[in-house]
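Colleague: Build me a model from this:
(chains A and B)
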Amino acid sequence: DVLMTQTPVSLPVSLGGQVSISCRSSQSLVHSDGNTYLHWYLQKPGQSPQLLIYRVSNRFSGVPDRFSGSGSGTDFTLKISRVEPEDLGVYYCLQSTHFPWTFGGGTKLELK
Amino acid sequence: EVQLVESGGGLVQPGRSLKLSCLASGFTFSNYGMNWIRQAPGKGLEWVASISSSSSYIYYADTVKGRFTISRDNAKNTLYLQMTSLRSEDTALYYCASLMDWGQGVMVTVSS
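Modeller: Numbering: from 1, shown residues only, chains lettered A, B, ... in the order given. Below is the predicted model of the structure:
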């Protein structure tokens, strides 16, 4: 199984600040079709996860451009600039290149 | 508007069975692969099972293989998860998801 190591576990931030979350996989996430199926989700308190970024760097519909994804192979990053109150919650990366699909352990973004 | 509405959860004794349903609307259900993903209380996300749009491909997490069965009825826009031989460690909020969109989840509690 592909192990997804997400860091940090907790990330204190000031409103308006910028943060980065790392997600590293134990093997390459490049699919045989050439795509890399690495996605980012935000789960706000008491809510279902919502898709932010799909296939490494594509913002989902309605996601502000404050969110950006980058990376390749086994090393991926989610950056959030100008953090707003509605950005707080737990962020997860998900790889769907290989079965079984696996999630990172989560990063809790919280106010300093 | 996309809606995924899960039902069928509840309290069940260890070793018993339960069947979850997910009614989809607002998109062409038959065009999309679908998934069940669960979240134990206070824990992260765990992928459970996936089914392709025409049911040709089905995959399970090792933790549920042989006990759970994912299926779908495209005529009824409904996804199912038949769960048998339930264990206490299956206690979780079960989400129906297309990866882009997630339901609100349905709680399954396995306890005597």
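Colleague: what sits against the residue nearest the centre of chain A?
Modeller: The residue lying closest to the centre of chain A (Cα atoms, centre = their mean) is A:Trp40, at 3.3 Å. If a contact means Cβ atoms under 8 Å, 6 or more residues apart in numbering or on different chains, then A:Trp40 has A:21, A:23, A:51-53, A:67, A:69, A:78, A:91-94 as its contacts. Placement of C-beta: from N, CA and C, glycine included.
Colleague: Nearest residue to A:Tyr58 in space, please, no chain neighbours.
Modeller: Quick fix: residue A:58 reads Asn, not Tyr. Of all residues not flanking A:Asn58 in the chain, A:Gly69 sits nearest, at 7.6 Å (Cβ to Cβ, 6 or more residues apart in numbering or on different chains).
Colleague: For the chain, which segments count as strands?
Modeller: No chain in the question, so chain A it is. Counting by DSSP state E, chain A has these strands, from start to end: A:4-7, A:10-13, A:19-25, A:38-43, A:50-54, A:58-59, A:67-72, A:75-80, A:89-95, A:102-103, A:107-111.
Colleague: wrong chain, I was asking about chain B
Modeller: B:3-7, B:10-12, B:18-25, B:34-39, B:45-51, B:58-60, B:68-73, B:78-83, B:92-97, B:106-110.
Colleague: hang on, the earlier thing: is it correct that the residue nearest to A:Asn58 is in contact with A:Val63?
Modeller: No: using Cβ atoms under 8 Å, A:Gly69 is not in contact with A:Val63; the gap is 10.1 Å.
Colleague: So what's the residue count around the residue lying closest to B:Asp62 once chain neighbours are set aside?
Modeller: Distances taken as Cβ to Cβ, 6+ apart place A:Pro100 nearest to B:Asp62, at 6.9 Å, with adjacent residues excluded. A:Pro100: 19 surrounding residues under other Cβ atoms under 10 Å in any protein chain shown.
Colleague: isn't A:Pro100 right up against B:Ala49?
Modeller: No: between A:Pro100 and B:Ala49 there is no contact under Cβ under 8 Å: 9.4 Å.
Colleague: State the number of residues packed around B:Asn77.
Modeller: Using other Cβ under 10 Å: B:Asn77 sits among 17 other residues.
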